[in-house]
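K.L.:
my questions concern the predicted model and sequence given below.
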Amino acid sequence: MSLEALQQKLGYAFRNPALLAQALTHRSHGKHNNERLEFLGDSVLNCVVAALLFDTFGRIDEGDLSRLRANLVRQQSLYEIAQRLELSQHLLLGEGELKSGGFRRPSILADTLEAIFGAVFLESGFDAARALIGALYAPVLKSVDPRTLGKDAKTLLQEHLQGRRQSLPVYTVVATHGAAHNQQFEVACAVPKLGIEVLGSGASRRTAEQAAAKLALERVQALAPAPARRTRSTPAASPSASPGRGAREDRADISARSGARVS
């Protein structure tokens, strides 16, 4: 894929293509790499995400905003955005990293995305970087539930089950693929009492567990009973109305106990 295609996905065209090339260059490729741009982009990203959260969630306090920001700028969140951009196809890596599958490594992809943010800031300033980050994070912000406060899928699943006094999930590595330096893990997440077992995959055991936990949480939430429908209550009979069968039977029962006759 050409750099023009990447810039279309980014929604930003570099006036200096060499700056984009540097942002895509890992340190294993040479001295002119993206480490300094990554440092710059990391700071810009934190500031922009903080501003986005401040504008989006007006009722959340400082502590919860900090936790939510930490979740949005962590490696996994950046990696998922990098995957959407197909960033792995544009990385410039040294021979060793190429052989070890570095183009799939979450840490490398996350760092490269931050370097791109730094490059945009360096070339066009904060407003341009904010517009780029805001566009890339728009789908993420739509799915953010402030009540979870940035908790990961494993934590949310555990809390959901504990709140309903269900047994905790069981995680099992069922398969690993690839060489030792470039493994892909498959992890099963089971909630036996609910009859749920799902598979998640990832470049590390932790990533695979999180993927499985997310699927399991969706299954568990789907099993939650729907709220009971409220039925309309039958209006009480007025004193002037003639009693129905049930009312007459009640009066007969009362009169029988008291020795009175019911007409």
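P.N.:
Nice, I can see it.
K.L.:
the helix or strand that contains Leu53 packs against which elements?
P.N.:
Element membership of Leu53, judged by DSSP states H and E, is helix 35-56. Here helix 35-56 touches helix 62-72, helix 106-124, helix 126-143, going by 3 or more Cβ pairs under 8 Å, 6 or more residues apart in numbering; DSSP states H and E. To be clear about C-beta, it is placed using only N, CA and C from the backbone, and glycine gets the same treatment.
K.L.:
right, and the ones you listed - which one's nearest Lys9?
P.N.:
Closest to Lys9 of the helices and strands packed on helix 35-56, according to Cβ to Cβ: helix 126-143, at 9.3 Å.
K.L.:
what sits up against stretch 87-100?
P.N.:
Residues outside stretch 87-100 that contact it (Cβ atoms under 8 Å, 6 or more residues apart in numbering) are 1, 3, 6, 21, 24-26, 28-30, 82, 102-104, 108-109, 112-113, 181-182.
K.L.:
mind redoing it with 10 Å?
P.N.:
The contact list for stretch 87-100, computed with Cβ atoms under 10 Å, 6 or more residues apart in numbering, reads 1-3, 5-6, 9-10, 20-30, 32-34, 78-79, 81-82, 101-105, 108-110, 112-113, 116, 179-182.
K.L.:
just the buried residues of those residues.
P.N.:
Neighbour counting with 16 or more other Cβ atoms under 10 Å marks 6, 10, 20-29, 33-34, 78-79, 81-82, 101-105, 108-110, 112-113, 116 as buried within the contacts of stretch 87-100.
K.L.:
from those, which ones fall inside helices?
P.N.:
Judged by DSSP state H, helices contain the following of the buried ones among the contacts of stretch 87-100: 6, 10, 20-23, 78-79, 81-82, 108-110, 112-113, 116.
K.L.:
any weak-confidence spans in the protein?
P.N.:
1, 148-150, 180-181, 224-263 (pLDDT under 70).
K.L.:
domain ranges for it?
P.N.:
3-146, 154-223 (automatic domain parsing).
K.L.:
ok, Glu123 touching Leu40?
P.N.:
No: in this structure Glu123 lies outside contact range of Leu40 using Cβ atoms under 10 Å: 11.3 Å.
K.L.:
joint contacts of the two?
P.N.:
Joint contacts of Glu123 and Leu40 (Cβ under 10 Å, 6+ apart) are Ala129.
K.L.:
ok, those two, which is more surrounded?
P.N.:
Leu40 (19 against 15; other Cβ atoms under 10 Å).
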